[in-house]
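*Asks:* structure for the following, please:
(one chain, ligands or ions: 1)
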Amino acid sequence: MIKNDLKSYKIKTKKSAELFKKSKKLHVNGVHHNIRFFEPYPFITKSSSGKFLIDVDSNKYVDYWMGHWSLILGHSPKNVRTNVRMQLDNGWIHGTVSKNSIDLSEKISKAVPVAEKIRYASTGTEATMYAVRLARTITKRKTIAKIDGGWHGYTTDLLKTINWPFHKSESSGLTDEKHIISLPYNNLEKSVKILKTKKNDLAAIIIEPVLGGGGCIPATREYLLGIQEFCHKNNILFILDEIVTGFRFRFGCLYNTMKLDPDLVTLGKIVGGGFPIGVICGKNELMKYASTSIFSKTDRAYIGGGTFSANPLTMMAGSTMLTTIKNKGNLLYKKLNSFGIETRKMLDKKFGGSVITTGIGSLFLTHFLSDSTYEINNAADAAKCNIKKLHDYHFHMIAKDGIFFLPGKLGAFSDVHTKSDIANLAKSTDEFLTKFKK
Ligand SMILES: Cc1ncc(COP(=O)(O)O)c(C=O)c1O
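*Replies:* So this is what the prediction gives:
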């Protein structure tokens, strides 16, 4: 961390420092998601609106973290706010079937053809947990393949091979780790070799079409097609985790653009309109294995939700979000995608060969190359980069220029960002470069 940046941050976040001491007393590590902690202490947010986060010391930050990338229209967009307020007057948890869930599902199923049947949960973690359970039920097999660096939430099944070195257990308290195998992203030959060792017990392969937490790395179409072909040939379910990518680049999923044919798709984030959500989508012939009216206990999977699943508030927020995005039309995605392209180019140029900025559409992450990295195709390449420098870079922007990336994580453009934000990002990057050279 650059000394001056640390000093500036401490001066401007005095109330946050005091409050975070309290938070540490009350909460594990002071946070409720490990990634939300950063050194020396995270600022405490008082409010958010549009493109800004405002902390308890009244500092304003232009936000590129955007609620874990769920806020594609920025914080509290007007339509969502209005309809959620209206919903509050009609109750926010009915605990019964609500019309709002039907409204949202109609929109999702039109835009995501694989979603012939939908089941809502309250988090993406649950959605991937249920997708995996359903796959095991359908195939009567146990092993699940995931990707090195793939993040699908904190589920006991999938909390494996996330951080380098991938073979080390991510957490104690996990059971059944032997039923998870892991593949190098974008390396079809090696992946197929690994898959063949477990072919007869493989229930599913679960993949993010853009590795998010693992480094903002898009999969090649050839890779995903190859994996899909292996699945289809061997009666293995192909699960695409589109919790980040769903409705991020177009009104629908990335798999449509890539002309893929997944069996199950998980969604979350954007489709909840900023409220808690996880969605399992699939073809009728597969989702029916969750039906209590078709199958007996031994042949069906219980796949949630829970007390808060499909609560009318989330459903209203999600439904309004999708309507608003749809009404904005292609212009929205054109704008966001062009901002992403411009920013990736600008950052690569400024750093002059010492970085690679990965991403697609409105998502981007700058990797500071080490002596042993020349290209970033998977999470192992990303892990070899200078991660400390990336944290220093993000922290510099927080401390000096009121620009917020969760340190180390990819940034996302939202509809509320403007060209001037890209210019400010460029300016802050220049300052960082000057300091680093000193
Ligand atoms: C690809 C992917 N899957 C699953 C999850 C888990 O979702 P949640 O945090 O809502 O449990 C995330 C969260 O970031 C994610 O990025």
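
*Asks:* and the residue of the stretch 251-400 of the chain nearest the ligand?
*Replies:* Scanning the stretch 251-400 of the chain for the residue nearest the ligand gives Gly268, at 4.8 Å (criterion: CB to the nearest ligand atom). Heads up, the C-betas are built off the backbone N, CA and C, glycines and all.

*Asks:* angles on the backbone of the closest residue to that residue other than its chain neighbours, please.
*Replies:* Spatial nearest neighbour of Gly268, chain neighbours left out: Gly124 (3.5 Å); criterion: CB to CB, 6 or more residues apart in numbering. The phi and psi values for Gly124, taken as degrees, to the nearest 10, are phi -70, psi -40.

*Asks:* so what's Gly124 up against?
*Replies:* For Gly124, the contacting residues are 152-153, 241, 243, 266, 268-269, 277-278, by CB atoms under 8 Å, 6 or more residues apart in numbering.

*Asks:* put together CSV for those, with secondary structure and pLDDT on each row.
*Replies:* Below are the contacts of Gly124 laid out as CSV (DSSP: H, G, I helix; E, B strand; the rest coil; pLDDT from 0 to 100):
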residue, secondary structure, pLDDT
His152, coil, 98
Gly153, coil, 96
Asp241, strand, 98
Ile243, coil, 98
Thr266, strand, 98
Gly268, strand, 98
Lys269, helix, 98
Ile277, coil, 98
Gly278, strand, 98
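
*Asks:* the residue of the stretch 251-400 of the chain closest to the ligand contacts Ile280, correct?
*Replies:* No - using CB atoms under 8 Å, Gly268 is not in contact with Ile280; the gap is 10.1 Å.

*Asks:* shared neighbours of these two, which are they?
*Replies:* Taking CB under 8 Å, 6+ apart as the criterion, Gly268 and Ile280 both touch Ala127.

*Asks:* ok, the most centrally placed residue in the chain - contacts?
*Replies:* By CA atoms, centre = their mean, the mean C-alpha position of the chain lies nearest to Val244, the distance being 3.8 Å. Applying CB under 8 Å, 6+ apart, one finds that Val244 lies in contact with 69, 208, 210, 212, 269, 363.

*Asks:* partners of the third one in the sheet?
*Replies:* On DSSP bridges, the residues paired with Val210 through beta bridges are Pro218.

*Asks:* any figure for the gap between it and Pro276?
*Replies:* Val210 sits 22 Å away from Pro276, going by CB to CB, to the nearest Å.

*Asks:* quick one, which of the two is more surrounded?
*Replies:* Val210 (24 against 18; other CB atoms under 10 Å).

*Asks:* any idea of the pLDDT on the more buried one?
*Replies:* Here the pLDDT value assigned to Val210 is 98.

*Asks:* ok, it to Ser191 distance?
*Replies:* Separation of Val210 from Ser191 (CB to CB): 17 Å.

*Asks:* got the end-to-end distance for stretch 392-410?
*Replies:* 14 Å (CA to CA, to the nearest Å).

*Asks:* what pLDDT, on average, does it get?
*Replies:* Rounded mean pLDDT across stretch 392-410 is 98.

*Asks:* ok, it near the ligand or not?
*Replies:* No - Stretch 392-410 does not reach the ligand (CB under 6 Å from any ligand atom); its nearest approach is 9.7 Å.

*Asks:* show me the contact partners of the least confident helix or strand in the chain by mean pLDDT.
*Replies:* Counting by mean pLDDT, DSSP states H and E, the chain has its least confident helix or strand at helix 419-437, which shows a mean of 93. For helix 419-437, contacts defined as CB under 8 Å, 6+ apart pick out 2, 4-5, 51, 62, 339, 342-343, 346-347, 350-351, 389, 392-393, 396-397, 400-401, 403.

*Asks:* quick one: buried residues of that helix?
*Replies:* Residues 421-422, 424-425, 428-429, 432 are the ones in helix 419-437 that count as buried (16 or more other CB atoms under 10 Å).

*Asks:* pull the distance from it to the chain's centre.
*Replies:* Its chain's average C-alpha position is 26 Å from that of helix 419-437, according to CA atoms, centre = their mean, to the nearest Å.

*Asks:* got it, and stretch 360-367?
*Replies:* Relative to the mean C-alpha coordinate of its chain, stretch 360-367 is positioned 13 Å out (CA atoms, centre = their mean).

*Asks:* again with stretch 142-152
*Replies:* Offset of stretch 142-152 from its chain centre (CA atoms, centre = their mean): 15 Å.

*Asks:* send the alpha carbons of that stretch over as PDB?
*Replies:* Taking C-alpha atoms only, stretch 142-152 is exported to PDB below (Å, rounded to 0.1, in the frame of the first residue of the first chain):
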ATOM      1  CA  LYS A 142     -22.200 -38.300  -7.400                       C
ATOM      2  CA  THR A 143     -19.200 -36.500  -8.900                       C
ATOM      3  CA  ILE A 144     -19.400 -32.800 -10.000                       C
ATOM      4  CA  ALA A 145     -16.800 -31.100 -12.100                       C
ATOM      5  CA  LYS A 146     -16.100 -27.500 -11.600                       C
ATOM      6  CA  ILE A 147     -13.400 -25.000 -12.800                       C
ATOM      7  CA  ASP A 148     -10.200 -24.100 -11.000                       C
ATOM      8  CA  GLY A 149     -11.100 -20.600  -9.600                       C
ATOM      9  CA  GLY A 150     -14.800 -21.100 -10.300                       C
ATOM     10  CA  TRP A 151     -17.000 -19.400  -7.700                       C
ATOM     11  CA  HIS A 152     -20.500 -20.600  -7.100                       C
END
